[in-house]
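**Student:** take this sequence and fold it.
(chains A and B)
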Amino acid sequence: AQKITQTQPGMFVQEKEAVTLDCTYDTSDPSYGLFWYKQPSSGEMIFLIYQGSYDQQNATEGRYSLNFQKARKSANLVISASQLGDSAMYFCAMREGRGGTALIFGKGTTLSVSS
Amino acid sequence: DAGVIQSPRHEVTEMGQEVTLRCKPISGHDYLFWYRQTMMRGLELLIYFNNNVPIDDSGMPEDRFSAKMPNASFSTLKIQPSEPRDSAVYFCASSFSGSRQTQYFGPGTRLLVL
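**Tutor:** As a prediction, the model looks like this:
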């Protein structure tokens, strides 16, 4: 079974609109971390936001927020006020345990922002 | 602060040749990870180190792949002999053993084996 599922291969949004990228995860470990990364066409992997399994509040970083629903095992990324520069591939990833382990990545969602 | 540094950025080689990829992690980070990205398999872990010691190499495809971390500021991933199916983007990432352990990625090495 996949540990990280991103069901949207592609998403399209207009500038200044908000967009939600879906991510569900599967783990039996009570301690885990969830990450979102952005990969623009240039290829680098850019860290966006982190949510810990014990965090009480949803994480926010500027225009990025994470809609964390623990019971549903979902960690959706919300981008507010989309910009053309947000066009990229977005990966959801999970680290199981308290630390010291590798990330497990989803297959990614391609976001296209149009003017 | 400098991020994770990888070299070369691009490598084109012929089948059977030895390829060495290099990585300098962020200073102070005690974890180093090597990932590979392909269209078919996505991003997958090859190996990772903690304090220069290999912890999990279960993702290394086969004996043709080897990785070393002789000190805290340098790691290599070697493929010998290389094959066309090794063509991929190889990322190095590093993290610090704090509460989040956010992994920061290098720019990647795009490898093409002809």
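
**Student:** and residue 114, how many neighbours?
**Tutor:** Using chain A here. 11 (other C-beta atoms under 10 Å in any protein chain shown). Backbone N, C-alpha and C define where each C-beta goes, glycine included.

**Student:** not quite, go with chain B.
**Tutor:** What residue B:114 shows, counting by other C-beta under 10 Å, is a neighbour count of 10.

**Student:** that one and chain A: what is the separation?
**Tutor:** Residue B:114 is 20 Å from chain A, where distance means C-beta to the nearest C-beta, to the nearest Å.

**Student:** wait, that residue touches residue B:12, no?
**Tutor:** Yes. Taking contacts as C-beta atoms under 8 Å, residue B:114 lies within contact range of residue B:12: 6.8 Å.

**Student:** the closest residue to residue B:10 other than its chain neighbours pairs with what?
**Tutor:** For residue B:10, ignoring the flanking residues on the chain, the nearest one in space by C-beta to C-beta, 6 or more residues apart in numbering or on different chains is residue B:110 at 5.0 Å. For residue B:110, the beta-bridge partners under DSSP bridges are residue B:10, residue B:89.

**Student:** show the contacting residues for residue B:110.
**Tutor:** Applying C-beta atoms under 8 Å, 6 or more residues apart in numbering or on different chains to residue B:110 gives the contacts A:43, B:9-11, B:89.

**Student:** of the residues you listed, closest to residue B:24?
**Tutor:** Among the contacts of residue B:110, residue B:9 lies closest to residue B:24 (C-beta to C-beta), at 13.4 Å.

**Student:** can you list the residues that contact the helix or strand encompassing residue B:91?
**Tutor:** Applying DSSP states H and E as the criterion places residue B:91 in strand B:88-95. When contacts are defined by C-beta under 8 Å, 6+ apart, strand B:88-95 is touched by residues A:43, A:45, B:4, B:6, B:21, B:23, B:25-26, B:29-38, B:43, B:46, B:75, B:77, B:101-106, B:108-111.

**Student:** run the chain-centre distance for it.
**Tutor:** Averaging C-alpha positions (C-alpha atoms, centre = their mean, to the nearest Å) puts strand B:88-95 5 Å from its chain's average.

**Student:** try stretch A:81-93
**Tutor:** Remark: stretch A:81-93 is offset 10 Å from the chain centroid, using C-alpha atoms, centre = their mean.

**Student:** equivalent analysis for stretch A:28-45, please.
**Tutor:** The answer for stretch A:28-45 is 6 Å, by C-alpha atoms, centre = their mean.

**Student:** pull out the buried positions in it.
**Tutor:** A:32-39, A:44-45 (16 or more other C-beta atoms under 10 Å in any protein chain shown).

**Student:** what about the residue nearest to residue B:10, distance to residue B:38?
**Tutor:** Going from residue B:110 to residue B:38 by C-beta to C-beta, to the nearest Å gives 11 Å.

**Student:** please apply the same query to residue B:56.
**Tutor:** For residue B:56 relative to residue B:38 (C-beta to C-beta), the value is 20 Å.

**Student:** so for the residue nearest the centre of chain B, what's the pLDDT?
**Tutor:** By C-alpha atoms, centre = their mean, chain B has its centre lying nearest to residue B:34, at 3.2 Å. Residue B:34 carries a pLDDT score of 98 in this model.

**Student:** show me how far stretch B:104-114 is from its chain's centre.
**Tutor:** Distance, centroid of stretch B:104-114 to centroid of chain: 8 Å (C-alpha atoms, centre = their mean).

**Student:** and that stretch, average pLDDT?
**Tutor:** What stretch B:104-114 shows for mean pLDDT is 97.

**Student:** ok, stretch B:69-89 next?
**Tutor:** 97.
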